[in-house]
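[1] Structure of the sequence below:
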Amino acid sequence: MLEAKNLTKRYGSHTALNKLNLSIQPGEIFALLGQNGAGKTTTINLFLGFIEPTEGSASINGISVAENPQEIKKYLAYIPETVMLYPNLTGLENLEYFSSLAGFDYSKKELGGLLTTAGLQAQAFDQRLAGYSKGMRQKVGIAIAVAKKAKVLLLDEPTSGLDPKASNEFSQIIQSLAANGTAILMATHDIFRAKEVASRIGIMKEGNLESVIDASMISANELESLYLKTV
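    Okay, here's the model as predicted:
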(Lines give C-alpha, C1' and ligand atoms only; values in the text may rest on other atoms or scores of the structure.)
Protein backbone atom coordinates (compact mmCIF):
# COMPACT_ATOMS: atom_id res chain seq x y z
CA MET A 1 0.00 0.00 0.00
CA LEU A 2 2.98 2.31 0.67
CA GLU A 3 6.28 1.86 -1.15
CA ALA A 4 9.54 3.78 -1.27
CA LYS A 5 12.18 2.91 -3.86
CA ASN A 6 15.60 4.51 -3.37
CA LEU A 7 13.70 7.49 -1.96
CA THR A 8 16.15 10.34 -1.44
CA LYS A 9 15.86 13.99 -0.39
CA ARG A 10 18.78 16.40 -0.39
CA TYR A 11 18.93 20.05 0.59
CA GLY A 12 22.13 21.32 -0.96
CA SER A 13 24.94 19.21 0.48
CA HIS A 14 22.73 17.86 3.28
CA THR A 15 21.03 14.50 2.73
CA ALA A 16 17.82 14.40 4.77
CA LEU A 17 16.83 10.96 3.47
CA ASN A 18 19.18 8.52 1.74
CA LYS A 19 17.93 5.80 -0.64
CA LEU A 20 15.05 4.57 1.50
CA ASN A 21 13.57 1.25 0.39
CA LEU A 22 10.40 0.35 2.27
CA SER A 23 7.05 -1.34 1.65
CA ILE A 24 4.08 -1.39 4.02
CA GLN A 25 1.18 -3.78 3.49
CA PRO A 26 -2.53 -3.27 4.23
CA GLY A 27 -3.18 -3.94 7.90
CA GLU A 28 0.43 -3.27 8.92
CA ILE A 29 1.67 -0.64 11.39
CA PHE A 30 5.24 0.41 10.65
CA ALA A 31 6.88 2.63 13.29
CA LEU A 32 9.87 4.80 12.44
CA LEU A 33 12.15 5.56 15.40
CA GLY A 34 14.99 8.06 15.43
CA GLN A 35 16.28 11.29 16.86
CA ASN A 36 15.27 14.71 15.52
CA GLY A 37 16.79 15.09 12.07
CA ALA A 38 16.97 11.35 11.44
CA GLY A 39 14.64 11.57 8.42
CA LYS A 40 11.32 10.44 9.90
CA THR A 41 9.29 13.57 9.11
CA THR A 42 11.00 13.88 5.71
CA THR A 43 9.76 10.38 4.90
CA ILE A 44 6.20 11.30 5.94
CA ASN A 45 6.30 14.53 3.93
CA LEU A 46 7.51 12.72 0.80
CA PHE A 47 4.61 10.27 1.02
CA LEU A 48 2.22 13.19 1.51
CA GLY A 49 3.64 15.00 -1.52
CA PHE A 50 4.50 18.05 0.59
CA ILE A 51 8.06 17.92 -0.79
CA GLU A 52 9.50 16.40 -3.97
CA PRO A 53 12.17 13.68 -3.91
CA THR A 54 15.64 14.38 -5.21
CA GLU A 55 15.87 10.79 -6.40
CA GLY A 56 13.76 7.65 -6.23
CA SER A 57 10.01 7.40 -5.77
CA ALA A 58 7.21 7.18 -3.23
CA SER A 59 3.95 5.48 -4.17
CA ILE A 60 0.60 4.79 -2.52
CA ASN A 61 -1.54 1.93 -3.78
CA GLY A 62 0.80 1.70 -6.78
CA ILE A 63 0.33 5.38 -7.69
CA SER A 64 3.33 7.73 -7.83
CA VAL A 65 2.98 10.51 -5.27
CA ALA A 66 5.12 12.96 -7.27
CA GLU A 67 3.28 12.31 -10.55
CA ASN A 68 -0.27 12.14 -9.16
CA PRO A 69 -0.38 14.32 -6.03
CA GLN A 70 -4.16 14.83 -6.18
CA GLU A 71 -4.98 11.20 -6.94
CA ILE A 72 -3.19 9.84 -3.88
CA LYS A 73 -5.06 12.17 -1.50
CA LYS A 74 -8.21 10.03 -1.71
CA TYR A 75 -6.31 7.07 -0.26
CA LEU A 76 -4.68 8.72 2.74
CA ALA A 77 -5.23 10.63 5.94
CA TYR A 78 -2.58 12.49 7.92
CA ILE A 79 -2.41 13.21 11.63
CA PRO A 80 0.49 15.48 12.60
CA GLU A 81 1.78 16.16 16.10
CA THR A 82 -0.73 19.00 16.37
CA VAL A 83 -3.97 18.30 14.50
CA MET A 84 -5.03 21.36 12.52
CA LEU A 85 -8.77 21.79 12.97
CA TYR A 86 -11.09 24.79 13.29
CA PRO A 87 -11.20 25.88 16.97
CA ASN A 88 -14.47 27.79 16.61
CA LEU A 89 -16.30 24.75 15.24
CA THR A 90 -17.47 21.81 17.33
CA GLY A 91 -16.05 18.32 16.98
CA LEU A 92 -19.13 17.30 15.01
CA GLU A 93 -18.90 20.35 12.74
CA ASN A 94 -15.20 19.77 12.04
CA LEU A 95 -15.90 16.16 11.13
CA GLU A 96 -18.81 17.14 8.91
CA TYR A 97 -16.74 19.79 7.13
CA PHE A 98 -13.65 17.67 6.45
CA SER A 99 -15.62 14.59 5.42
CA SER A 100 -17.66 16.72 3.00
CA LEU A 101 -14.42 17.98 1.44
CA ALA A 102 -13.59 14.34 0.74
CA GLY A 103 -16.96 13.91 -0.99
CA PHE A 104 -18.91 12.20 1.80
CA ASP A 105 -22.33 13.28 3.07
CA TYR A 106 -23.01 11.79 6.50
CA SER A 107 -26.06 12.32 8.68
CA LYS A 108 -25.60 13.78 12.15
CA LYS A 109 -26.21 10.33 13.62
CA GLU A 110 -23.53 8.82 11.36
CA LEU A 111 -21.06 11.57 12.28
CA GLY A 112 -21.72 10.89 15.97
CA GLY A 113 -21.08 7.20 15.36
CA LEU A 114 -17.74 7.99 13.72
CA LEU A 115 -16.70 10.13 16.69
CA THR A 116 -17.76 7.38 19.07
CA THR A 117 -15.69 4.86 17.09
CA ALA A 118 -12.71 7.20 17.48
CA GLY A 119 -13.22 7.19 21.25
CA LEU A 120 -14.64 10.69 21.76
CA GLN A 121 -17.18 11.06 24.55
CA ALA A 122 -20.68 12.04 23.39
CA GLN A 123 -20.80 15.13 25.61
CA ALA A 124 -17.87 16.59 23.64
CA PHE A 125 -19.50 16.32 20.20
CA ASP A 126 -21.10 19.76 20.38
CA GLN A 127 -18.29 21.51 22.23
CA ARG A 128 -15.96 23.85 20.36
CA LEU A 129 -12.50 22.51 19.51
CA ALA A 130 -10.94 25.44 21.37
CA GLY A 131 -11.84 23.66 24.61
CA TYR A 132 -10.55 20.22 23.57
CA SER A 133 -7.46 18.56 24.98
CA LYS A 134 -4.81 17.32 22.55
CA GLY A 135 -6.06 13.76 22.96
CA MET A 136 -9.60 14.82 22.06
CA ARG A 137 -8.37 16.63 18.94
CA GLN A 138 -6.45 13.51 17.92
CA LYS A 139 -9.68 11.51 18.17
CA VAL A 140 -11.43 13.93 15.81
CA GLY A 141 -8.49 13.46 13.44
CA ILE A 142 -8.96 9.69 13.64
CA ALA A 143 -12.70 10.09 13.00
CA ILE A 144 -11.92 12.13 9.87
CA ALA A 145 -9.59 9.38 8.65
CA VAL A 146 -12.33 6.78 9.20
CA ALA A 147 -14.93 9.02 7.53
CA LYS A 148 -12.69 9.38 4.46
CA LYS A 149 -12.33 5.56 4.34
CA ALA A 150 -8.58 6.15 4.18
CA LYS A 151 -6.55 3.10 3.19
CA VAL A 152 -3.36 4.75 4.44
CA LEU A 153 -2.79 6.64 7.68
CA LEU A 154 0.36 8.73 8.17
CA LEU A 155 1.16 9.76 11.75
CA ASP A 156 3.91 12.15 12.83
CA GLU A 157 4.58 12.01 16.59
CA PRO A 158 0.88 11.34 17.28
CA THR A 159 1.29 10.55 21.01
CA SER A 160 3.68 13.41 21.83
CA GLY A 161 2.27 15.38 24.75
CA LEU A 162 -0.51 12.90 25.51
CA ASP A 163 -0.91 11.57 29.03
CA PRO A 164 -0.53 7.76 29.43
CA LYS A 165 -4.29 7.11 29.35
CA ALA A 166 -4.84 9.16 26.17
CA SER A 167 -1.78 7.62 24.56
CA ASN A 168 -3.04 4.12 25.32
CA GLU A 169 -6.50 4.95 23.94
CA PHE A 170 -4.91 6.32 20.76
CA SER A 171 -2.85 3.14 20.34
CA GLN A 172 -5.93 0.95 20.67
CA ILE A 173 -7.75 2.97 18.02
CA ILE A 174 -4.96 2.74 15.42
CA GLN A 175 -4.61 -0.98 16.09
CA SER A 176 -8.32 -1.41 15.35
CA LEU A 177 -7.88 0.55 12.10
CA ALA A 178 -4.99 -1.71 11.11
CA ALA A 179 -7.12 -4.76 11.92
CA ASN A 180 -9.60 -3.45 9.33
CA GLY A 181 -6.90 -3.24 6.65
CA THR A 182 -5.49 0.29 6.98
CA ALA A 183 -1.75 0.60 6.29
CA ILE A 184 -0.17 2.85 8.93
CA LEU A 185 3.20 4.61 8.94
CA MET A 186 4.01 6.25 12.26
CA ALA A 187 7.02 8.43 13.06
CA THR A 188 7.66 8.51 16.80
CA HIS A 189 10.21 8.98 19.59
CA ASP A 190 8.27 6.65 21.87
CA ILE A 191 10.16 3.33 21.89
CA PHE A 192 7.73 1.54 24.18
CA ARG A 193 4.63 2.73 22.29
CA ALA A 194 6.24 1.60 19.02
CA LYS A 195 6.90 -1.83 20.49
CA GLU A 196 3.32 -2.03 21.77
CA VAL A 197 1.48 -1.15 18.55
CA ALA A 198 3.75 -1.78 15.57
CA SER A 199 4.05 -4.82 13.33
CA ARG A 200 7.55 -3.74 12.29
CA ILE A 201 9.89 -1.07 13.59
CA GLY A 202 12.55 0.84 11.67
CA ILE A 203 15.40 2.74 13.30
CA MET A 204 16.69 5.77 11.38
CA LYS A 205 19.92 7.69 11.76
CA GLU A 206 21.10 10.66 9.70
CA GLY A 207 18.71 9.91 6.85
CA ASN A 208 19.43 6.18 6.70
CA LEU A 209 17.17 3.30 7.67
CA GLU A 210 19.67 1.36 9.78
CA SER A 211 17.50 -1.51 11.06
CA VAL A 212 14.09 -3.05 10.48
CA ILE A 213 12.80 -5.28 13.28
CA ASP A 214 9.79 -7.57 13.61
CA ALA A 215 8.15 -6.14 16.74
CA SER A 216 7.03 -9.58 17.91
CA MET A 217 10.63 -10.83 17.95
CA ILE A 218 12.10 -8.27 20.34
CA SER A 219 11.35 -7.11 23.89
CA ALA A 220 10.94 -3.44 24.80
CA ASN A 221 14.25 -3.49 26.68
CA GLU A 222 16.05 -5.13 23.75
CA LEU A 223 14.56 -2.56 21.40
CA GLU A 224 15.71 0.27 23.65
CA SER A 225 19.26 -1.18 23.75
CA LEU A 226 19.36 -1.55 19.97
CA TYR A 227 18.02 1.99 19.52
CA LEU A 228 20.65 3.49 21.84
CA LYS A 229 23.43 1.58 20.08
CA THR A 230 22.18 2.76 16.68
CA VAL A 231 21.69 6.44 17.39
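
[2] Only C-alpha atoms from now on, for both contacts and neighbour counts.
    Will do.

[3] quick one: the helices in the chain?
    Counting by DSSP state H, the chain has helices at residues 40-48, 91-101, 108-117, 134-147, 164-179, 191-197, 220-230.

[4] Any regions of this protein where pLDDT drops low?
    When residues are selected by pLDDT under 70, none of them lie in the chain.

[5] ok, Ser100 to Lys151 distance?
    Distance, Ser100 to Lys151, by Cα to Cα, to the nearest Å: 18 Å.

[6] tell me the contacts of the residue lying closest to Leu92 once chain neighbours are set aside?
    Distances taken as Cα to Cα, 6 or more residues apart in numbering place Phe125 nearest to Leu92, at 5.3 Å, with adjacent residues excluded. Taking Cα atoms under 8 Å, 6 or more residues apart in numbering as the contact definition, Phe125 lies against 90-92, 112, 115.

[7] Who are the contact partners of the residue most central in space within the chain?
    For the chain, Leu155 is the residue whose C-alpha lies nearest the centre (Cα atoms, centre = their mean; 1.7 Å). Contacts for Leu155 were tallied using Cα under 8 Å, 6+ apart; they are 44, 78-81, 184-187.

[8] Same list (the helices of the chain) but as a markdown table, adding distance to Lys74.
    Putting these into a markdown table (distance: least, Cα to Cα, whole Å) gives the following:
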| stretch | distance to Lys74 |
| --- | --- |
| helix 40-48 | 11 |
| helix 91-101 | 11 |
| helix 108-117 | 18 |
| helix 134-147 | 10 |
| helix 164-179 | 17 |
| helix 191-197 | 25 |
| helix 220-230 | 35 |
